[in-house]
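Participant: could you look at this predicted model? Sequence included:
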Amino acid sequence: MQTIVQAVAVRNEEAAAPTGRRDTFTQLVEPHLDALYGYCASLTDQAADADDLLQDTLLRGLRAHDDLRDKDRVRSWLFTIATNAWRDRHRARGRKLPTMSLDASTDDDDDFSLFNTLAVEDPFPYSDELHLDFLRLFRSADVHAVFRGMTPVHRPALILTTIHGFSCKEAAAILDVPLGTLLSRLHRGRKQLERGLWDYALRNRLVKVADDD
Amino acid sequence: MIDCREAVARMWTYLSRDLEAHDTMELEQHLRICQRCCGELEFSRELRKTLADAGEQPMPPQTRARVDELLRETETRGGV
């Protein structure tokens, strides 16, 4: 299999790029690499997949960065490339991301409220900070395990807006969907996440409720 | 006046400062009279913070090394 470095070398020879172009690419991406890696890790299920997705993103960016007109938009440009690369990888594996049917459907998650569930189930009866105590149970690895349990199409909207600070309009542009679709995915993703956190806590015995064995 | 269900539905968009002005006004009106939704808003704020903290993952050294090699290679071959 061709290594990343070999691929870049071939690409550079083919492109016969003008002097300084590659330096510019490095300068452009360097400040965003950690965030970009975090995004790739949030979207994928395995560390190796996050690595591959990041490198695929950089190679695509390298090929396309002459098309980047506004250098101030490099961050959203990189996240857009990563999103497209992630989508393409799903397609290549024959696992097309479900979109319309899920956005249009309803399920139990839509009515689930973690806030209410905690108040009713009261897993920390002696706590004055019941809801905060619940959130304090979750380490980074636990949160990512819950992300992995979400429907793939709902993950990016949530991750872009809550973790990476993109506005809903920016996230819609990155995902190439209308704002209404983004808001719908964000809402459903949030509800799925709330349900996921509660189920994860029960499954891993992070909390114990009254009728629990 | 919006109900609790609608208020909850708007909260995350409100927290990311993406809610339209009229929708914001309706939500804030609701929050003035609904203690439960104030609690849920505060919980939403903390939950989003938990997610944001979890999202800050340092790049593993091996990944960093591969990326550095890739970028170095691009500079050597395509740069000066």
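Facilitator: Yes, it's here. Here the structure is a predicted model, which is why all the values come from computation and not from measurement.
Participant: from now on I want contacts and neighbour counts done on CA atoms only, so please keep to that.
Facilitator: Fine.
Participant: any stretches of the chain with poor pLDDT?
Facilitator: All of this is about chain A. Within chain A, the segments meeting pLDDT under 70 span A:1-23, A:95-109, A:211-213.
Participant: my bad, chain B
Facilitator: Looking at chain B by pLDDT under 70, you get B:75, B:77-80.
Participant: burial check on residue 60, number of neighbours?
Facilitator: Looking at chain A here, since you left the chain open. 16 (other C-alpha atoms under 10 Å in any protein chain shown).
Participant: that's the wrong chain, I meant chain B
Facilitator: 12.
Participant: whether the top helix by length along chain B contacts chain A - can you check?
Facilitator: As assigned by DSSP state H, the longest helix anywhere in chain B is helix B:35-55. Yes. On the criterion C-alpha under 8 Å from any C-alpha of the partner chain, helix B:35-55 is in touch with chain A at B:E40, B:F43, B:E46, B:L47, B:R48, B:K49, B:T50, B:L51, B:A52, B:D53, B:A54, B:G55.
Participant: helices or strands up against that helix?
Facilitator: Using 3 or more C-alpha pairs under 8 Å, 6 or more residues apart in numbering or on different chains; DSSP states H and E, the elements in contact with helix B:35-55 are helix A:33-43, helix A:130-136, helix A:140-148, helix A:155-162, helix B:4-15.
Participant: what angle do that helix and helix A:140-148 make?
Facilitator: Angle of helix B:35-55 versus helix A:140-148, following axes from the mean of the first three to the mean of the last three C-alpha atoms, to 10 degrees, is 110 degrees.
Participant: which other residues reach helix B:35-55?
Facilitator: For helix B:35-55, contacts defined as C-alpha atoms under 8 Å, 6 or more residues apart in numbering or on different chains pick out A:38-39, A:42, A:115, A:131-132, A:135, A:139-141, A:143-144, A:162-164, B:4, B:7-8, B:11-12, B:15, B:31.
Participant: do stretch A:33-49 as well
Facilitator: By C-alpha under 8 Å, 6+ apart, stretch A:33-49 touches A:50-51, A:53-54, A:78-79, A:82, A:86, A:144, A:147-148, A:152, A:155-156, A:159-160, A:164, B:55-59.
Participant: same question for stretch A:155-170.
Facilitator: By C-alpha under 8 Å, 6+ apart, the list of residues contacting stretch A:155-170 reads A:35, A:39, A:42-43, A:76, A:83, A:147, A:171-172, A:175, A:179, A:182-183, A:185-186, A:189-190, B:13, B:16-18, B:48-49, B:51-53, B:55-56.
Participant: from A:F79, how far off is the nearest residue to B:E56 once chain neighbours are set aside?
Facilitator: Excluding the flanking residues, the one nearest B:E56 by C-alpha to C-alpha, 6 or more residues apart in numbering or on different chains is A:G38, at 6.3 Å. Taking C-alpha to C-alpha, to the nearest Å as the measure, A:G38 falls 11 Å from A:F79.
Participant: now swap in B:L19 and tell me
Facilitator: Taken as C-alpha to C-alpha, the span from B:L19 to A:F79 is 23 Å.
Participant: which one's more surrounded, these two?
Facilitator: Comparing B:L19 with A:F79 by neighbour count (other C-alpha under 10 Å), the higher total belongs to A:F79, at 22 against 17.
Participant: how much space separates that one from B:L15?
Facilitator: Taking C-alpha to C-alpha, one finds A:F79 at 22 Å from B:L15.
Participant: equivalent analysis for B:L41, please.
Facilitator: 8 Å.
Participant: how about A:K71?
Facilitator: On the measure of C-alpha to C-alpha, A:K71 and B:L15 end up 28 Å apart.
Participant: between these two, point out the one with more neighbours.
Facilitator: Counted by other C-alpha under 10 Å, A:K71 and B:L15 do not tie: B:L15 has more neighbours, with 15 against 10.
Participant: ok, and the closest non-adjacent residue to the more buried one?
Facilitator: B:R45 (7.1 Å).
Participant: burial measure for the one you found, as a count.
Facilitator: Residues near B:R45, counting by other C-alpha under 10 Å, number 15.
Participant: other residues contacting stretch A:179-189?
Facilitator: The contact list for stretch A:179-189, computed with C-alpha under 8 Å, 6+ apart, reads A:103, A:109-110, A:150-151, A:153-155, A:157-158, A:168-169, A:171-172, B:9.
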